[in-house]
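Novice: just coords:
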């Protein structure tokens, strides 16, 4: 028995010493690699820091790549100077592949800015379950406000490979030590996976092939049924409720889809798609928000691609449509805050 204990103890000490030497040597490189992978954590800390003074109403835009400033400005950027001239501030909290899971995760920092109006993008192609993707922004669940945790536990987390235990564990990332350890661990995994030694086995992925059917593949992504049991729709309803409970007015935009391309390349029936958007409207309005059904608001000349991104014409057209709606919401919210003695 003593011999077994000595062997086990020697093994543990050897592994521990080896791990310590590796971490001591790779710590900085691993931390830097982890920061590069999860660069957006600091990006959204900056994005959710209110730059406008409290005496100015604030509009926060939450969305995906259709409202980012890359590669070209979208409608929030077109509206920013127009709002500024009316003494209304606006900030964009968006990134590619964002959806209502991510909006919910970031609602804590967004609400800390005390926005008067929150405008959220509901992109139809984001509602199908994300299958086979590892990169889901799950680490951002660390930003969920503490008071929302009980309600979070009954939300449909499983489709994103999250569980109540993982959500609670993510709270560690709110500490400097926990976040730094996370960067090191993820950085080590990244360095290991990207090590040049693996090149002898050939490329990790086959070289990209330009497929003429890609347009059809993209537009088909919009064609699926929407029900109240859809996980992303349930997250949408929860996000709207959370924002409304903190006094923010919420507008959800049913983002335009390339319906003319759908009709040409795949299948499109106006009544069928209208019923799908009606389900989104019902969920938003029951949660207390305002839903703008704009799925047929843009013709082909306003899109930069079949993914629903706008060119300059489309972005300007969207800005013209949204300006009076958002302005009215800001004025109503600001008047309500004044009466409440803000």
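Specialist: Received it, and whenever you're ready, just let me know what you need. Please read all numbers here as calculations on a predicted model, not as lab measurements. Residues are numbered from 1 along each chain as shown.

Novice: can we go C-alpha only for contacts and neighbour counts from here?
Specialist: Noted.

Novice: and the contacts of stretch 139-148?
Specialist: The contact list for stretch 139-148 (Cα atoms under 8 Å, 6 or more residues apart in numbering) reads 41, 102, 104-109, 167-168, 170-174, 242.

Novice: filter those residues to the buried ones?
Specialist: By neighbour count, with 16 or more other Cα atoms under 10 Å, the contacts of stretch 139-148 hold 41, 102, 104-109, 167, 170-171, 173, 242 as buried.

Novice: let's have those in TSV, adding pLDDT and distance to residue 185.
Specialist: Conversion of the buried ones among the contacts of stretch 139-148 to TSV gives the following (pLDDT from 0 to 100; distance: Cα to Cα, whole Å):
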residue	pLDDT	distance to residue 185
41	87	16
102	94	23
104	97	26
105	95	22
106	95	23
107	94	27
108	93	26
109	93	25
167	94	18
170	91	14
171	92	16
173	88	13
242	96	33
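
Novice: among the contacts of stretch 139-148, find me the one that's closest to residue 295.
Specialist: Using Cα to Cα, residue 102 comes nearest to residue 295 of those, at 21.8 Å.

Novice: against residue 334, how distant is residue 246?
Specialist: For residue 246, the distance to residue 334 equals 14 Å [Cα to Cα, to the nearest Å].

Novice: repeat that for residue 328.
Specialist: Residue 328 sits 10 Å away from residue 334, going by Cα to Cα.

Novice: so residue 246 and residue 334 - more neighbours on which side?
Specialist: A direct count of neighbours by other Cα atoms under 10 Å for residue 246 and residue 334 places residue 334 higher, at 20 against 13.

Novice: tell me the secondary structure at that one.
Specialist: Of the three states, residue 334 takes helix under DSSP: H, G, I helix; E, B strand; the rest coil.

Novice: how about it, what does it touch?
Specialist: Going by Cα under 8 Å, 6+ apart, residue 334 touches 57, 116.

Novice: which stretches of the stretch 1-150 of the chain form helices?
Specialist: 2-37, 40-47, 75-85, 100-105, 107-112, 149-152 (DSSP state H, counting those that start in this stretch).

Novice: mean pLDDT lowest where, among these?
Specialist: If the helices of the stretch 1-150 of the chain are sorted by mean pLDDT, helix 2-37 sits at the bottom with a mean of 61.

Novice: where's the helix or strand harbouring residue 240 relative to the chain centroid, distance-wise?
Specialist: Per DSSP states H and E, residue 240 falls inside helix 231-245. Distance, stretch centre to chain centre, for helix 231-245: 13 Å (Cα atoms, centre = their mean, to the nearest Å).

Novice: other SSEs contacting that helix?
Specialist: Counting by 3 or more Cα pairs under 8 Å, 6 or more residues apart in numbering; DSSP states H and E, the packing neighbours recorded for helix 231-245 are helix 100-105, helix 107-112, strand 249-254, helix 270-286.

Novice: TSV please, covering those and showing distance to residue 54.
Specialist: What follows is these, written out as TSV (distance: least, Cα to Cα, whole Å):
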stretch	distance to residue 54
helix 100-105	23
helix 107-112	12
strand 249-254	17
helix 270-286	28
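
Novice: quick one: low-confidence parts of this structure?
Specialist: The chain contains residues with pLDDT under 70 at 1-27, 52-53, 130-135, 191-216, 336-342.

Novice: closest to the centroid, which residue in it?
Specialist: With distances taken as Cα atoms, centre = their mean, the residue of the chain nearest its centroid is residue 98 (2.6 Å).

Novice: elements contacting the strand or helix carrying residue 190?
Specialist: Using DSSP H and E, residue 190 falls within helix 176-193. Applying 3+ Cα pairs under 8 Å, 6+ apart, we find helix 176-193 packed against helix 2-37.

Novice: list the contacts for residue 301?
Specialist: Shown in contact with residue 301 (Cα under 8 Å, 6+ apart): 313-314.
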